[in-house]
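Novice: how would this look folded up:
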Amino acid sequence: MEAPLAIRSLLLDGAAAGSRLVVVGERGHVLLSDDGGASWTQARVPVRVLLTAVHMRDERTGWAVGHDATILRTRDGGETWTPVHRAPEEELPLLDVWFRNDNVGFAVGAYGYFLATRDGGETWTRRTVGEDDFHLNALIPAPGRLYIAAEAGVAYRSDDDGETWRKLPSPYAGSWFGGLALDENEVLLAGLRGHLFRSGDAGESWTRVPTGTAATLTSVARLPSGPIAIVGLEGSVLISRDGGRSVSSRSLPSREGISAALPLADGGVLLIGEFGVRRLGE
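Specialist: Sure thing, here's the model as predicted:
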C-alpha cells in the first residue's frame, strides 16, 4: 500500500536491495521505493516495535533489527518480513545488524548485547565482546576486519570474522554512533558533540577531524562518486572529498535530526530522519 503518512514518520535507517530502497523506523514501519525515492509503499511487517537498522544482503534477502531484541528477515526484497529472534522480556534494543556472507551475521545493541549466527539467521547465539556493558551502537565492516562503535569512547575490532574482539585505544570519552571503513586500515568514527576522528592504522591511533559543529553525528556513508557524507542531529550534513581528512558543513533549514544517509544510484543522497525521507538538496 502507498505510505504518504509513514514517509513523514520517524525513520532511522535504510539500505539498497538492487534498485530498490528499503527504509525502517517507528512502529515497525518498513518502506519500499523502486523509483529512487520518488514514491513509497509500506511493507507487511508482523511487529510494531521501533526498527533501528536494516541490512540487505542482496536484492532478495535482508535483515532488520529493533526493540524487544527483534530480528526480522525478508526473502522477497522487503515485501514481507518474518521474525527470527525476539526477546521482549530482556528489554534490550538491537541497534545494528550486518552479514559478512549468506551464513555469518551479527546484531548488536544496548548494554553489550551481541548476537551471532553461523547458519544464515536460523539460530542466534549471545556472545560477549568485552568486559564492560557498553551500548554497542554500530557495526562497521572492513576488508578482513569488523569494527564496533560503542558508547563511552569505546571501539572494538575483530580480525577473525567476529570470533574475538579487541578494545581499541580511544581518542575521546563520548559515545560513537556511526563510522565507515575506507579500506582495511583507514576508518572514521563519528559521535557526540560533532566529534569525528580518523585512523590510518586500523584504530591503533586517531586524528581529530574538525567539523565546525557541536551536534551529535549519527552516520557515515561513502557516495558512489567518491565523497563521504557524515550526517547528524540539528540537520547536520558534512561532506569530505579527501578521504575524511577534512569536511565542509551545512545544515538543513528545518534543523531536523538526520539518522542516516543512503547513497542513491543516480549519485544523489537520501536523508533519513525525524522528517521521514528526503533527498539531499530538496
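
Novice: What are the contacting residues of stretch 274-282?
Specialist: Outside of stretch 274-282, the residues within contact range by C-beta atoms under 8 Å, 6 or more residues apart in numbering are 6-11, 14, 23, 31, 37, 40, 229, 237, 254, 256-259, 261, 264, 268-271. Where you see a C-beta, it was placed from the backbone N, CA and C, and this is true even at glycine.

Novice: ok, how many other residues are close to residue 244?
Specialist: 27 (other C-beta atoms under 10 Å).

Novice: How about the contacts made by it?
Specialist: For residue 244, the contact set (C-beta under 8 Å, 6+ apart) comprises 180, 182, 186, 188, 196, 198, 209, 228.

Novice: for residue 168, what are its contacts?
Specialist: Neighbouring residues of residue 168 by C-beta under 8 Å, 6+ apart: 155, 156, 157, 203, 204.

Novice: so what's it closest to, chain neighbours aside?
Specialist: Nearest non-adjacent residue to residue 168, counting by C-beta to C-beta, 6 or more residues apart in numbering: residue 203, 4.0 Å away.

Novice: could you measure the one you found against residue 130, distance?
Specialist: Note on residue 203: its distance to residue 130, by C-beta to C-beta, to the nearest Å, is 14 Å.

Novice: neighbour count winner among those two?
Specialist: Neighbour comparison, residue 203 and residue 130: the larger count goes to residue 203, with 26 against 16 (by other C-beta under 10 Å).

Novice: so that one makes contact with residue 170?
Specialist: No - the pair residue 203 and residue 170 does not pass the contact test of C-beta atoms under 8 Å, sitting 9.4 Å apart.

Novice: Quickly list what's touching both of those two.
Specialist: Here residue 203 and residue 170 share the contacting residues residue 155, scored by C-beta under 8 Å, 6+ apart.

Novice: how close does the closest residue to residue 42 other than its chain neighbours get to residue 265?
Specialist: For residue 42, ignoring the flanking residues on the chain, the nearest one in space by C-beta to C-beta, 6+ apart is residue 3 at 3.9 Å. When C-beta to C-beta is the yardstick, residue 3 and residue 265 sit 21 Å from each other.

Novice: And residue 224, by the same measure?
Specialist: In this view, residue 224 and residue 265 are 7 Å apart by C-beta to C-beta.

Novice: any idea of the mean pLDDT in stretch 84-91?
Specialist: Per-region confidence: stretch 84-91 scores 94 on mean pLDDT.

Novice: Quick check: buried residues in it?
Specialist: For stretch 84-91, the neighbour count (16 or more other C-beta atoms under 10 Å) marks 84, 85, 86, 87 as buried.

Novice: what do you get for stretch 88-108?
Specialist: If you call a residue buried by 16+ other C-beta under 10 Å, then stretch 88-108 has these buried ones: 92-99, 104-108.

Novice: Stretch 124-134 too?
Specialist: Counting neighbours by 16+ other C-beta under 10 Å, one finds that the buried residues in stretch 124-134 are 124, 129, 130, 134.

Novice: Would you confirm that the third one belongs to a helix?
Specialist: No - according to DSSP: H, G, I helix; E, B strand; the rest coil, the state of residue 130 is coil, so it is not within a helix.

Novice: rewinding a little: from the buried residues of stretch 124-134, which two are the most distant?
Specialist: With distances taken as C-beta to C-beta, the most widely separated pair in those is 124 and 134, at 20.3 Å.

Novice: pLDDT below threshold where in the stretch 151-282 of the chain?
Specialist: Counting by pLDDT under 70, the stretch 151-282 of the chain contains low-confidence residues at 282.
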